[in-house]
Structures are given as structure tokens and as C-alpha cells.
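>>> Fold the following and give me the result.
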Amino acid sequence: MKAHPTAVIDPKARLACSVTVGPYCIIGSDVELGEDCEVLSHAVIEGRTKAGRGNRFFPFASIGLAPQDIKYGGEPTSVEIGDENIFRECVTVHRGTAEGCGATRIGNHNLLMAYVHVAHDCTLGNHIIMANGASLAGHVDIGDHAMVGAFCGIHQFARIGAYSFLGSYTVVNKDILPYSKTTAPRPMEVLGANRLGLERRGLTKKDIGELEAAFRLLCRSKLNTTQALEAVEQRGFTSQHVQALINFIRTSQRGVVK
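Predicted structure coming up:
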């Protein structure tokens, strides 16, 4: 392992031989870092934090510290990180709480830009981009391939659906529909399917066409949500992504943005 002499690494920490630790970093006793992880200068990784291979922690990132929850009493909760994630400057990721799921989980190939905050008990999937200053309160779930714009604020227990695009400065207090493009005006407005993003992710023209038709019924008709869902189901769409959209709405506990 290559570590700068000014780095403070607890002897009990478990770091793979190919890990690199830069100047003035602090690595706690319960930390595990997989192969080819890189911890740049002044980063802090504490608590029961386990990261897979190829993760990069940029200067002043703070990973695995205690949650900002006044009910937290020092319970042995954790942060679980997959492979090939990038945590840019001053990103903060807090471990879970005993009253939550006990862990904050981040999947694979995610980019968290500068000053992003991921609070306790959040779950992030794969291939997610969170732009500068975006903040998650506790218990937020983000689906695969979602894009969260700069300075967005996400309320506790909200869900951000897979393949969705959330415009900068958006304040979210309800679930964001998967595959949607949502912007910040008051009230928030769904503009329709995230067509460009879905094309980039390889969805077929048929899938995108059916999603756009479903969004027109959900967000542009005069039907309420129950009526719109019935109309979508009556159209006989065969795309698995339309079914995922329907399931997301039916399982929402906070309501969805339309």
C-alpha cells in the first residue's frame, strides 16, 4: 500500500495492497477499502465503512461519519459502497441509523460532484450523477441512471425514479417518476419522458414511444392519477418500462410529481 507519511491510518483498518492514500488523510479503524481505491489529500473515512474496488475520494471528502440525527446514540451502523464510484471535493456521506435500515448504501459507477450530501439510510443505485451541491435528507432512494441537478434538495423518504432527470435547484417533497424530466418551477412540473437520456441509455424507439404516450395520459390529460393509470393499463402497452412506471406510482407513499 502506498500512503503518504502524513496520513493517519488506524492499524485495524483493512486496506488492499493497491490502495493509495494521500497527504493528511484520516482512515478509521473499521474502514475497509478494496483494490485500486485512491484517497486524495485531506479526505476522512471513518466508521464502519466498506468500499469495493476502484473508488476515488477527492480532497476533503468526509465519508462514514455519524449521522446528523439527534436520535442517533452511537449504534454500530455503516456505509456500504460498491465499485468505481467518484466522490469529489467536500462530499459528505453519513452512515445509517438504528431506526432506519442501519446502513447508507451506494452502488457502482456513480459520480457525486463537489459538496454533494448523502444523509443517513439513503440508498443509491448504479450509474447515478449528482451535480454540485445536491443534498439528500435521510431515507432517500435513487434509482439507476438517475441524474440529480445542482443544488437540488430532496426531502426525507422521497424516491427518485430510475432514468429520471431532475433539473437544478429543484426542491423535491414527493416521489419523482422514473424516466421523467422534471424541472424547478413552482409548482414542480413533469415535462414528459426523458427522451434524450433514455436514448443514450439504449432504450428502444418502441419503449420510448410507449413511455411518452403513458406520460401524456399521466401528466397532460385531465384525468386524475387513478383514472390515468387505468387508461395506461387499458392501452395494453407491452414495454417493461411502462410497467415499472405504473408500479412506481402504485407503491408511492408520498405521492408523485405530475
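
>>> now the stretch 101-250 of the chain, which segments are flagged as low pLDDT?
185-186 (pLDDT under 70).

>>> Would you state the helices of the chain in chain order?
Remark: helices assigned in the chain by DSSP state H are 195-200, 205-215, 225-234, 240-250.

>>> For the ones you listed, could you give me CSV that also reports distance to Cys152 and mean neighbour count?
Heads up, the C-betas are built off the backbone N, CA and C, glycines and all. Shown next, in CSV, are the helices of the chain (distance: least, Cβ to Cβ, whole Å; neighbours: other Cβ atoms under 10 Å):
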stretch, distance to Cys152, mean neighbour count
helix 195-200, 16, 15
helix 205-215, 21, 19
helix 225-234, 23, 15
helix 240-250, 19, 17
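
>>> Tabulate those helices (CSV), appending distance to Met188.
Output for the helices of the chain, formatted as CSV (distance: least, Cβ to Cβ, whole Å):
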stretch, distance to Met188
helix 195-200, 18
helix 205-215, 15
helix 225-234, 15
helix 240-250, 16
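
>>> quick one: which of the ones you listed is nearest Thr77?
helix 240-250 (27.6 Å; Cβ to Cβ).

>>> rewinding a little: which among the helices of the chain is found nearest to Leu111?
Of the helices of the chain, nearest to Leu111 by Cβ to Cβ is helix 195-200, at 14.8 Å.

>>> so how far is that closest one off the chain centroid?
19 Å (Cα atoms, centre = their mean, to the nearest Å).

>>> which residue packs closest to Leu40, ignoring adjacent ones?
Gly22 (4.7 Å; Cβ to Cβ, 6 or more residues apart in numbering).

>>> And Ser135, by the same measure?
Counting by Cβ to Cβ, 6+ apart, Ser135 lies nearest to His117, which is 4.3 Å off, once chain neighbours are set aside.

>>> Quick check: bridge partners of that neighbour?
Note on His117: beta-bridge partners by DSSP bridges are Thr92, Ser135.

>>> How is this protein partitioned into domains?
2-139, 196-250 (automatic domain parsing).

>>> The closest residue to Ala244 other than its chain neighbours: neighbour count?
The shortest distance from Ala244 to any non-neighbouring residue, by Cβ to Cβ, 6+ apart, is to Pro178 (6.0 Å). Each residue near Pro178 was counted by other Cβ atoms under 10 Å, and the total is 25.
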